[in-house]
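Trainee: sequence plus predicted model, see below.
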Amino acid sequence: MADLVQLGKSDVRVFPIALGTNAVGGHNLYPNLDEEQGKDVVRKAIDNGITLLDTAYIYGPERSEELVGQVVQEYPREQVQIATKGSHVIKDNDDVIQNNDPDYLKQQVENSLKRLQVDYIDLYYIHFPDENTPKDKAVAALKELKDEGKIKAIGVSNFSLEQLKEANKDGYVDVVQLEYNLLHRENEDVMAYAAENDITFIPYFPLASGILAGKYEENQTFDDHRAPRRDFQPEVFNDNVRRVKQLQSIAEAHNTSIANVVLAFYLTRPALDVVIPGAKRAEQVVENIEAANIQLTDDELKKIDELFPIE
Ligand code: NAP
């Protein structure tokens, strides 16, 4: 088993393969989710050595936190770390806005603690920046909660490099979570800053919502949150599928899946010590855990770099 890794400057240590849980109760993202199946995915993850569960208020909304919280009650608290996120405000007319106001964030943390049925959260992220709140002031609110023991590590998500620098003025940010995967390597500049400043970089959509798992065929269509995204538009999608298939020989050389080759590649990047692939089925989780044990050769890393250049 791989060693646990530290999140930023915090005392939180996690297994490098974590579980993204937006498909656990994330009814607003995926239609027809089975909640019991979602809870089984979480149990399977913990039973097989995953320690960090990544959820958010907006997944459901609320329901992902509730289901994750229910499963966490079945285990010793210290065996599991929970990451959750807040900043969304759902208005009466269902419009959604972002709010990073210190009082709002503190209230959101209290609400998450209740839904999760825990007395501390291991990693709390500001999910999205808002337009008005100075980023260091928003993070200072989380630092107060950290000093009170309500959260153990501070994260920001969907912040640009400039916003991250402002957020980290006092050096309090432990984790930055951004979209990053082989199809979208734009955020490598943030990774460099993270590496220099003891911040852990956690990529979301690591498998490009399934494309990088290597299981899709050309011309497949989708009826969930993926349908409008650029990567899923027919021409781009088919090109992606063709490139991903070229990873098959590397997967075979390691007797593993394409998904694991992709996850293992990420873990060679600076500051990128943890991945949070999502899963809808328990077998996927068990398979993804193996990625922690795969050591890609320099030639393989080079081939992957060439197939998926930074654009
Ligand atoms: P992802 O990890 O890129 O892709 C997950 C999908 O890949 C699964 O639903 C499954 O697709 C497929 N998959 C996973 N393992 C597989 C395997 N071994 N074999 C075959 N297919 C496999 O996308 P994601 O779940 O949307 O993102 C990961 C996590 O990032 C989320 O759960 C969430 O916690 C976080 N996130 C954060 C933000 C943010 O704003 N901070 C935004 C998005 C996501 P099928 O559906 O086809 O089974």
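Mentor: In hand now; what should we look at?
Trainee: okay, now L7: neighbour count?
Mentor: Residues near L7, counting by other C-beta atoms under 10 Å, number 26. Heads up, the C-betas are built off the backbone N, CA and C, glycines and all.
Trainee: how many other residues sit next to G49?
Mentor: G49 has 13 neighbouring residues, counting by other C-beta under 10 Å.
Trainee: list the buried residues of whichever helix in the chain runs longest.
Mentor: Criterion DSSP state H: the longest helix present in the chain is helix 102-116. Across helix 102-116, burial judged by 16 or more other C-beta atoms under 10 Å covers 102, 104-106, 108-109, 112-113, 115-116.
Trainee: what's it packed up against?
Mentor: helix 63-72, strand 81-86, strand 123-126, helix 135-147 (3 or more C-beta pairs under 8 Å, 6 or more residues apart in numbering; DSSP states H and E).
Trainee: most packed of these?
Mentor: strand 123-126 (a mean of 28; mean count of other C-beta atoms under 10 Å).
Trainee: buried ones in stretch 27-35?
Mentor: Quick answer for stretch 27-35 (16+ other C-beta under 10 Å): 28-30, 33.
Trainee: from these, pick out the ones that also neighbour the ligand.
Mentor: Taking C-beta under 6 Å from any ligand atom as the test, the ligand is in contact with none of the buried residues of stretch 27-35.
Trainee: and of those residues, the nearest to N181?
Mentor: Relative to N181, the closest of those is L29; by C-beta to C-beta it sits at 17.4 Å.
Trainee: got the contact list for the closest one?
Mentor: 22-23, 59, 224-225 (C-beta atoms under 8 Å, 6 or more residues apart in numbering).
Trainee: and what of M191?
Mentor: M191 touches 180, 201, 269-272, counting by C-beta under 8 Å, 6+ apart.
Trainee: among those, which one has the most neighbours?
Mentor: Highest neighbour count within those, by other C-beta under 10 Å: F201, with 25 neighbours.
Trainee: that one in helix, strand or coil?
Mentor: strand (DSSP: H, G, I helix; E, B strand; the rest coil).
Trainee: look up how far the ligand lies from it.
Mentor: Distance of F201 to the ligand, given as C-beta to the nearest ligand atom, to the nearest Å: 12 Å.
Trainee: what's across from that residue in the sheet?
Mentor: With DSSP bridges as the criterion, F201 is bridged to V176.
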